[in-house]
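S.K.: Turn this into a model:
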Amino acid sequence: MKALIYEGPEELTLRDAPDPVPEVGQQLIKVGAVGICGSDMHAYLGHDERRPAPLILGHEAAGVIVGGARAGKRVTLNPLVTCGICKACVSGHDNLCADRMIISMPPREGAFAQYVTMRDENLVTVPDHISLEKASLTEPIACGWHAVRLAKERLGPGSYTALVIGGGAIGLGAALSLVAQGVHDITLVEPNALRREYLIRQCRQNAVSPDHLKPEMMFDIVIDGVGYAGTRTTASAHARPGGVIAHIGLGENTGGLDIRRMTLQEITFIGTYTYTMQDFRDTAQAIFDGRLGPLDWTQTRALADGAAAFADIRAGRTPAPKIILHPNP
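M.R.: Numbers count the residues shown, from 1 in each chain. The predicted structure follows:
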């Protein structure tokens, strides 16, 4: 098969790779659509020691099962593989499984390829009226869906305002998840003017520049979809007393939080990594039902153009929050 392989910092090559062979309980999937994630970009830049070269990246995938009793079924993939038997797994917190693995990290190759394998329980069937491009958005949006759910559980019933920091797919997915879960007063902060205009025009978001935020502007829920010291500073400055910060981004490890203010004003900080399988199913169903909107904010390219897509994202040349690659013609 053809695969887009990470060879080293800022180096991706389209070349032949061995066809994956499904194990017992797994399916072979012909990849129809796979999104470029921020974590793929971290690896591409050489900033993720968990993803050493050479490696097939990519984990936001949807495709068609090849062979076996389910041949021809269209599916979207939860890329997190967990043990299923530990305390976290059996209590419904499988995203916290100590033995979790994700495709695109050794020893599991990713989905920037024509084929990938995945176990049955990680697959969600996609109805005929949903494109594989939209189905592949289940994974990134599920991160925001999970964060919103956790924040609302902490606050309890009520009417809330929300600030979302970052207008990439994670931030936009969180904004859409907020609406789907009943929060409608949302401000989305995006510093890139090209992206911000796209979010306003194409995505119908209340997108503003960081300069728009005044010190007195406070929000019940703040979702940081970027995860740098600067965005954490913004988050801890604009969470209202008793509010919640849900921190999804993994951009930078340290700095930014105003611990004194968070302590004195009882602001909850929730670090949130990925989602549970139930969150993944719920997000998929929300896509299928149209509750997350038209999802018309992606750009598609062939897998052969993947290296150029990464370079465009790196340079800030693409306004779309998500680029989706097509591995098969």
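S.K.: Please, where are all the helices along the stretch 51-200 of the chain?
M.R.: 87-90, 132-135, 138-155, 169-180, 193-201 (DSSP state H, counting those that start in this stretch).
S.K.: Distance from the first one to the middle of the chain?
M.R.: In this case it means helix 87-90. In terms of CA atoms, centre = their mean, to the nearest Å, the centre of helix 87-90 is set 23 Å apart from its chain centre.
S.K.: Tell me if I'm right that residue 134 and residue 289 touch.
M.R.: No - assessed by CB atoms under 8 Å, residue 134 is found out of contact with residue 289, at 12.0 Å. In this view, the C-beta of every residue, glycine as well, is placed from N, C-alpha and C.
S.K.: Neighbour count: the two, which is higher?
M.R.: With neighbours defined as other CB atoms under 10 Å, residue 134 and residue 289 compare such that residue 134 has more, 21 against 10.
S.K.: Who does whichever helix or strand residue 324 is part of pair with, and is each partner parallel or antiparallel?
M.R.: Assigned by DSSP states H and E, residue 324 belongs to strand 322-326. Strand 322-326 pairs in its sheet with strand 26-35 (antiparallel), strand 298-302 (parallel), by DSSP bridges.
S.K.: Only the buried residues of it, if you could.
M.R.: Within strand 322-326, the residues that qualify as buried are 322, 323, 324, 325, 326, counting by 16 or more other CB atoms under 10 Å.
S.K.: Which residues does that strand contact?
M.R.: With contact meaning CB atoms under 8 Å, 6 or more residues apart in numbering, strand 322-326 is reached by 4, 32-36, 58, 112, 133, 136-137, 140, 168-169, 297-303, 305-306, 309, 312-313.
S.K.: Report the buried members of these.
M.R.: Buried, going by 16+ other CB under 10 Å: 4, 32-36, 58, 112, 133, 136-137, 140, 168-169, 297-298, 300-301, 303, 305-306, 309, 312-313, out of the contacts of strand 322-326.
S.K.: would you turn the buried residues of strand 322-326 into JSON lines with pLDDT and distance to residue 250?
M.R.: Compiled in JSON lines, the buried residues of strand 322-326 are given as follows (pLDDT from 0 to 100; distance: CB to CB, whole Å):
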{"residue": "322", "pLDDT": "97", "distance to residue 250": "17"}
{"residue": "323", "pLDDT": "97", "distance to residue 250": "19"}
{"residue": "324", "pLDDT": "98", "distance to residue 250": "21"}
{"residue": "325", "pLDDT": "98", "distance to residue 250": "22"}
{"residue": "326", "pLDDT": "98", "distance to residue 250": "27"}
